[in-house]
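Novice: quick one, fold the following:
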Amino acid sequence: MSSIIYKSGQGYWTRLMTVIAGGLMGVLGAYWLWDSAATASWGPMRAIYVQAILALGTCALTGWLLWKFVAASHRSVDFLVATESEMKKVNWSTRRELVGSSVVVIASSLLIALFCLGFDLFFTRVFTWIKVLQIDEGMGL
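Specialist: Numbers count the residues shown, from 1 in each chain. Below is the predicted model:
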């Protein structure tokens, strides 16, 4: 196994964020294993030793997998480098466009919610009037 980083100067940010996300998942997985192993019975071996072995093994496995994916595998490194170069070509929205689009989405959602509320109240009254639906007095319809 080679310890040389393939295309070391390229794809810095995508590699960095991949390592951070993968490392976080590995640490959270190790923490989950640590908690899960605390209540299990392990025979003559103390639970703390099993917890440590599982947590450290998970961290080591995560580190090795991240190394293989982010630094050594030619296919995945080429993908990460290409991803970063494509992200540089993206035309990102301005703050004004983003705020305008958000206002339109929120207003549309509110209008649709009010429309659905109106139909719900209408049909509730109709079905109550024709005795298909029975509503308690405390609901106030």
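
Novice: for the helix or strand harbouring Ala52, packing partners?
Specialist: Using DSSP states H and E, Ala52 sits within helix 47-67. Counting contacts by 3 or more Cβ pairs under 8 Å, 6 or more residues apart in numbering; DSSP states H and E, helix 47-67 packs against helix 12-38. The way it works is simple: take the backbone N, C-alpha and C, and place the C-beta from them, glycine included.

Novice: how's this protein carved up into domains?
Specialist: The chain breaks down by automatic domain parsing into domains covering 12-87, 97-139.

Novice: closest one to Ile5 among those?
Specialist: Among the domains of the chain, the nearest to Ile5 by Cβ to Cβ is domain 12-87 (4.6 Å).

Novice: now the closest one: mean pLDDT?
Specialist: Mean per-residue pLDDT for domain 12-87: 90.

Novice: for it, measure first residue to last.
Specialist: 13 Å (Cα to Cα, to the nearest Å).

Novice: distance from the chain centre to that domain, please.
Specialist: Distance of domain 12-87 from its chain centroid, counting by Cα atoms, centre = their mean, to the nearest Å, is 16 Å.
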